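this is a predicted model, with the sequence first.
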Amino acid sequence: MVLRPARTSADNRDFDDPDDNFDPPAYADNFERSLGEDSIVEIEHEPFHTIDPDTSIAQAMALMMAEGISCLMVSNNGRLMGIFTERDVLNKVASRFEQVKDQPVALVMTHNPTAIFATDPPTVALNLMAIGGFRHLPILDVDQKLAGIIGPRRVLAYLTKRLYEE
Amino acid sequence: MGLREALHKETVADLPLRQPILVGPRTTVAQAADLMREKQHGCVFVVDEHHKPLGKFTQHQLMQLLVNPQSEGDRNPLDNQTTAYGTDLQEAVENVMYRPCETVNLRDTIAHMAQLMNTRQIRYLAVVDDAGAVVGLTGQKGLIEYITDCFPRQIKVQRMISQLSLGSQEGG
């Protein structure tokens, strides 16, 4: 049996181990509490639109324009494969639209997008958006099936609503 | 001070502002798109010689131009003019931009900015000084970053550690 060596003075560094703090977070107001304890589904997450990976780029863009959305989820047999957004259009399509417009959207979509779970609180989404740089986050249910999507517009609507609540 | 109070008291100057892309009215759509791609911004602000905003061109409009090349025009609900679109991305950006360009002052509260963006469905805002010149870019992302910074570090660290793997960023 291997015994863990005793701590030495060299180990007693100043280290703020977050797992040492089991106290519940202290919220200064209900707005903070909502962000920390609401379920992510309190943020409008539907409707959401999915397309097949074989959908053409032009069709995908037309659908986004028709529905007034900036992101499509690409799925195959219910499994999330990627997302296709206005930023993908800017970065990968616009400069060569005529060459790629009839190609499958799988060619230019963002593969393996980060997703969050329906049980996550809004702070998870905010952190991923702010620190991870993810603009749109698919939401999965407990069975890892698509349950919705949130982006900056829906998050802003939620924040504004909470901000002006009594 | 709680977050709600902070948002009602702190100002746009307290937000993490980004350096805006400023272009002249005769800049082409293609040039504007190249700048947006290079800087990874979703919009450019079209300004006059004093850097006062004349309009805004966004990645959404770029997609609209590509999808509806034969459209006779599109009505910007915030503008009484009907703008004609063409297929040629060499079109001057002043012919297709949104106008007027919504702005916030450095001294406006963050809550006011949030309300403005939500009410008018604005994603990007030009930040102007007292002379009306554009000095920064903010928007939905800036607000989210500000709110995230206000939260206890423990939540942030715990959650990031528990992510088994982070997927790709869109556009990457």
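That came in fine, so what should we check first?

could you pull out the strands in chain A for me?
A:50-51, A:71-76, A:79-85, A:110-111, A:116-117, A:137-140, A:146-150 (DSSP state E).

tell me which of these lies nearest to B:E94.
Of all those, it is strand A:79-85 that lies closest to B:E94, at 26.7 Å by Cβ to Cβ. To be clear about C-beta, it is placed using only N, CA and C from the backbone, and glycine gets the same treatment.

so who does the residue nearest the centre of chain A touch?
The structure's chain A has its C-alpha centroid closest to A:L137; by Cα atoms, centre = their mean the separation is 2.0 Å. A:L137 makes contact with A:P113, A:T114, A:A115, A:I116, A:A125, A:L128, A:M129, A:I149, A:I150, A:G151, according to Cβ atoms under 8 Å, 6 or more residues apart in numbering or on different chains.

looks like the second one contacts A:L128 (just checking).
This means A:T114. Yes. Contact between A:T114 and A:L128 holds when scored by Cβ atoms under 8 Å: they sit 6.3 Å apart.

between the two, which is the more surrounded one?
Using other Cβ atoms under 10 Å in any protein chain shown as the criterion, A:T114 and A:L128 rank with A:L128 on top: 23 against 20.

give me the neighbour count for the closest residue to the more buried one other than its chain neighbours.
Spatial nearest neighbour of A:L128, excluding adjacent residues (Cβ to Cβ, 6 or more residues apart in numbering or on different chains): A:F134 at 5.0 Å. Applying other Cβ under 10 Å, we find 24 residues neighbouring A:F134.

what's A:F134 in contact with, if anything?
With contact set as Cβ under 8 Å, 6+ apart, A:F134 has these partners: A:P113, A:T114, A:L128, B:Q169, B:E170.

pretty sure A:N76 is in contact with A:P53, am I right?
Yes. Contact criterion Cβ under 8 Å: A:N76 and A:P53 qualify, at 5.8 Å.

quick one on the thing from earlier: want to throw the strands of chain A into JSON lines with mean pLDDT and distance to B:C101?
Shown next, in JSON lines, are those (pLDDT from 0 to 100; distance: least, Cβ to Cβ, whole Å):
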{"stretch": "strand A:50-51", "mean pLDDT": "95", "distance to B:C101": "33"}
{"stretch": "strand A:71-76", "mean pLDDT": "94", "distance to B:C101": "24"}
{"stretch": "strand A:79-85", "mean pLDDT": "93", "distance to B:C101": "23"}
{"stretch": "strand A:110-111", "mean pLDDT": "92", "distance to B:C101": "29"}
{"stretch": "strand A:116-117", "mean pLDDT": "92", "distance to B:C101": "33"}
{"stretch": "strand A:137-140", "mean pLDDT": "92", "distance to B:C101": "29"}
{"stretch": "strand A:146-150", "mean pLDDT": "91", "distance to B:C101": "27"}
